[in-house]
Structures are given as C-alpha cells and as structure tokens.
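S.K.: the amino acid sequence is not available; the structure is as follows:
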C-alpha cells in the first residue's frame with residue numbers, strides 16, 4: 001500500500017471529526033452474520049485511518065491494534081484512543097508486524113482498493129490464528145439522497161465532471177483467486193443512511209479522494225472547492241437536513257492453516 005495522499009493533517013483531523021461512524025452498523029451486521037456471541041481477544045484493524053473502524057472493531061474485541069500508512073492518521077488515533085485496550089503504529093497494509101499474540105480477527109475497511117492483494121493476504125496469514133476471521137468491507141457515497149432527485153443530477157453531472165474518481169483496484173474477490181488458506185465464507189452488499197446539513201456535508205465531501213486528488217495536484221484550492229460546493233448545493237439542501245445513501249459491501253473470510 002503506497003498511497004500516502006491522505007498523509008495530511010487536514011485530512012487526518014477531518015476523518016476523525018467529519019466522517020460518519022457507519023462502521024458501527026457494519027460491525028453489528030457482521031456480528032449477526034457470523035453469530036458472534038462473545039468478544040474476540042485480540043483484533044487488528046488494517047488501514048485504520050483516524051480510528052473509526054478501530055473503534056467499531058473494539059465493540060466485539062477485548063484489545064485492538066490499528067495500523068495505517070499515514071503517520072498523521074496514527075497520531076490522531078493515539079490522541080483520541082489513549083487507553084490500554086487500543087494500540088496503533090504506522091505500517092503498510094502488507095507489512096503488519098508479527099504480534100506477540102496472533103490476531104483472531106482482522107478488519108480492513110476501505111483498504112483493499114489500494115493494496116497488493118497477494119502480499120496482503122500472505123502477511124495476514126503470518127499474523128492471524130488458525131480459523132481467524134478476516135473481514136474486508138467498505139462503503140461509499142452514492143448518487144442518491146432520500147426524496148431529492150436534484151442531488152442525483154448534481155452528483156452525476158456536476159460533481160463527477162469536476163472531480164472524477166481517481167484510479168483504484170475495484171475487483172471483487174472470488175474464491176478461485178484466493179490463496180489455499182483463505183476461504184470466503186460469505187459476501188453481501190448493504191446500504192446505509194446518514195443525515196447531513198449543507199455545512200457538514202461539504203466538510204465531508206472535502207475529504208473525498210476525488211477532491212483530494214484535485215487539491216494535491218494543485219488544480220483547485222480547498223477554498224475554491226468549498227465556495228463552488230456551497231453555491232451549487234444551496235438549491236439542493238434549501239436550508240434543510242438531507243439524508244444521503246451510502247452503498248457498501250462486506251466479505252467474510254476464514255484462515256485455515
């Protein structure tokens with residue numbers, strides 16, 4: 001995992017403050033799908049960002065470790081989750097350190113688009129227990145808001161034109177492409193809702209990879225993008241909160257040594 005475009009104080013602080021904690025809903029769904037009725041002892045959250053996915057993993061785990069390629073993200077995590085049950089360190093997803101006690105559950109939220117799959121899974125094999133769970137999941141903004149077709153037009157015909165999606169690996173994992181030791185037990189898609197007012201929505205959108213790519217390349221400034229969004233989104237929000245739909249997926253894998 002060599003993408004370090006999120007290694008920025010603005011992004012790290014924004015992830016902690018302005019990204020919705022939808023990870024909790026995903027973990028609750030995983031808990032139900034896997035019939036988890038007691039906490040895991042030792043968990044790993046790969047690509048932890050500002051710690052929202054690590055906090056969600058802690059709901060079903062006694063002790064959790066979060067890793068991320070970004071030093072800025074890890075510093076935010078260490079500040080926010082400064083208790084013995086949490087630990088964090090900087091590392092690529094493919095270079096997790098061998099722990100004193102192997103992990104019985106690993107989550108990777110919004111990570112596999114940016115990693116070398118084979119190196120990642122080889123690394124996970126070396127840090128997990130036999131029959132350990134590897135949970136790969138992600139969720140992203142859609143082009144839909146509840147009862148708001150104007151947002152769909154804005155997203156498709158204005159936002160994506162100005163801020164196209166940067167390249168990433170979006171291949172779905174299939175069992176035939178997996179190493180012998182990893183079994184895909186279940187895969188499912190889901191949808192989540194989150195309510196925003198216009199200001200919180202703009203702060204969230206300023207954290208999107210589409211937008212950060214333009215800022216990093218020097219094509220647009222944060223101030224320019226904020227002004228454009230405020231102007232074009234005002235007719236859509238009309239001083240009211242709006243509910244954005246997120247699409248997502250989860251893949252549940254088991255390690256068989």
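M.R.: Perfect, thanks for sending it. Everything quoted here is computed from the prediction, not taken from an experiment.

S.K.: so what's the residue count around the residue lying closest to residue 220 once chain neighbours are set aside?
M.R.: Nearest residue to residue 220, sequence neighbours excluded (C-beta to C-beta, 6 or more residues apart in numbering): residue 214, at 4.7 Å. Using the backbone N, CA and C atoms, a C-beta is placed for each residue, glycine as well. By the criterion of other C-beta atoms under 10 Å, residue 214 has 20 neighbours.

S.K.: contacting residues for residue 214?
M.R.: 162, 163, 220, 225 (C-beta atoms under 8 Å, 6 or more residues apart in numbering).

S.K.: what does residue 105 give?
M.R.: 40, 42, 43, 44, 57, 60, 61, 132, 133, 134, 135.

S.K.: where do the helices sit along the stretch 51-200 of the chain?
M.R.: 52-57, 71-80, 117-127, 149-154, 160-162, 198-205 (DSSP state H, counting those that start in this stretch).

S.K.: wait, isn't residue 106 in contact with residue 128?
M.R.: Yes: if you go by C-beta atoms under 8 Å, residue 106 and residue 128 touch, sitting 6.2 Å apart.

S.K.: now list whatever residues contact both of those two.
M.R.: residue 134.

S.K.: circling back: nearest to residue 25, of the contacts of residue 214?
M.R.: residue 163 (26.4 Å; C-beta to C-beta).

S.K.: next, the buried residues of stretch 117-124.
M.R.: 120, 121, 123, 124 (16 or more other C-beta atoms under 10 Å).

S.K.: how about the first one: what's its closest non-neighbour residue?
M.R.: Right, residue 120. residue 94 is the one closest to residue 120 (C-beta to C-beta, 6+ apart), at 4.9 Å.

S.K.: quick one: residues contacting the one you found.
M.R.: Residue 94 makes contacts with 1, 115, 116, 119, 120, 122, 123, as judged by C-beta under 8 Å, 6+ apart.

S.K.: among those residues, which two are most distant?
M.R.: Pairwise distances across the contacts of residue 94 (C-beta to C-beta) peak at 13.7 Å, for the pair 1 and 122.

S.K.: quick one: what helix or strand has residue 247 in it?
M.R.: strand 242-255 (DSSP states H and E).

S.K.: what helices or strands is that strand leaning on?
M.R.: For strand 242-255, the elements it packs on are helix 23-33, strand 128-145, strand 182-196, judged by 3 or more C-beta pairs under 8 Å, 6 or more residues apart in numbering; DSSP states H and E.

S.K.: same thing but 10 Å
M.R.: The contact analysis (3 or more C-beta pairs under 10 Å, 6 or more residues apart in numbering; DSSP states H and E) places strand 242-255 against helix 23-33, strand 103-109, helix 117-127, strand 128-145, helix 149-154, strand 182-196, helix 198-205.

S.K.: for those, give me a markdown table that also has distance to residue 14.
M.R.: Listed next are those as a markdown table, based on distance: least, C-beta to C-beta, whole Å:
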| stretch | distance to residue 14 |
| --- | --- |
| helix 23-33 | 16 |
| strand 103-109 | 17 |
| helix 117-127 | 26 |
| strand 128-145 | 15 |
| helix 149-154 | 21 |
| strand 182-196 | 14 |
| helix 198-205 | 7 |
